[in-house]
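Undergrad: Predicted model, plus sequence, below.
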Amino acid sequence: MAFDLIGLFTNTLAIQLLTVVIIIILTYLVVRFYRIIITRIAGTVPSGLIASLQQIGSWAIWVLGVIIVLNTLDVPILLLLVLLFLGGLTMITAYRHILTDMAASQFVSTYQPFKVGEWIEVQDYYGRVIERNLIQTKILTPDNEIVIIPNSTLLRRSVINRTRSGALRIQIPVVVSTEIDLCPPPSDRQPCQTGPDNF
């Protein structure tokens, strides 16, 4: 009886099934760990992108786990790998602009042409930087308009940092009416002289 029990747990099928169970458990734990990491970095990523990253990453980890399980069970996976490769190319093509913006964000963070709070000019937009994340940079214009600039645009266009170039110039128009009497009151006993030299 004991010999049969030992043989049951030592045959090839039992070992394969045990390996499959271990792989599924490890895949589940890796997915949970991945979701925790993505949630921790949520401060630097827009909230809409967090859900997409969690979903795409979780599916990719589960697909990898299934491939390992099928390989363990000696199931041919060549067709599955070809389909996954084509699906990956499709995803990269669909998200190419976002990936470009994320790569551009790393260059902006490294070289730091501007910081949050500084006044910059990009293309035809001028304003104060109020937010910068992995995908885009937001500036607030003097007219209280929020302009969202993709990070990839910051690499392709010239960025003028008005804050670092010196003090900001403020122009205040002053209009003086010609009806204003510029002569002193009569009690000062000074003659009233009008002319361009007195201005």
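TA: Sure, I can see it.

Undergrad: make it CA atoms for all contacts and neighbour counts henceforth
TA: Noted.

Undergrad: This structure - how does it break down into domains?
TA: Per automatic domain parsing, the structural domains of the chain span 2-94, 114-161.

Undergrad: Would you mind giving those domains as JSON lines with mean pLDDT added?
TA: Putting those into JSON lines (pLDDT from 0 to 100) gives the following:
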{"stretch": "domain 2-94", "mean pLDDT": "78"}
{"stretch": "domain 114-161", "mean pLDDT": "86"}
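
Undergrad: okay, now Ile149: neighbour count?
TA: Neighbours of Ile149 under the rule other Cα atoms under 10 Å: 17.

Undergrad: ok, and which of the domains of the chain has the densest surroundings?
TA: The highest mean neighbour count among these, using mean count of other Cα atoms under 10 Å, belongs to domain 114-161: a mean of 17.

Undergrad: Ends of that one, what's the gap?
TA: From its first residue to its last, domain 114-161 covers 6 Å (Cα to Cα, to the nearest Å).

Undergrad: ok now that domain, how far from the chain's centre?
TA: From the chain centre to the centre of domain 114-161 is a distance of 13 Å (Cα atoms, centre = their mean, to the nearest Å).

Undergrad: Go ahead and list the helix or strand containing the residue nearest the centre of the chain.
TA: Centrality entry for the chain: nearest residue to the mean C-alpha point is Leu134, 1.7 Å, by Cα atoms, centre = their mean. Assessed by DSSP states H and E, Leu134 sits outside every helix and strand.

Undergrad: same thing with the one 5 residues further on?
TA: Using DSSP H and E, Ile139 falls within strand 136-140.

Undergrad: Check what contacts that strand and list those residues.
TA: Residues external to strand 136-140 that are found in contact with it (Cα atoms under 8 Å, 6 or more residues apart in numbering): 101, 126-132, 146-151.

Undergrad: Could you single out the nearest of those to Gln112?
TA: When these are compared for distance to Gln112 (Cα to Cα), Arg132 wins out at 11.3 Å.

Undergrad: what about the longest strand in this structure?
TA: In the chain, taking DSSP state E as the definition, the longest strand is strand 125-132.

Undergrad: Now do that strand against strand 136-140, angle only.
TA: Orientation check (axes from the mean of the first three to the mean of the last three Cα atoms, to 10 degrees): strand 125-132 against strand 136-140 gives 120 degrees.
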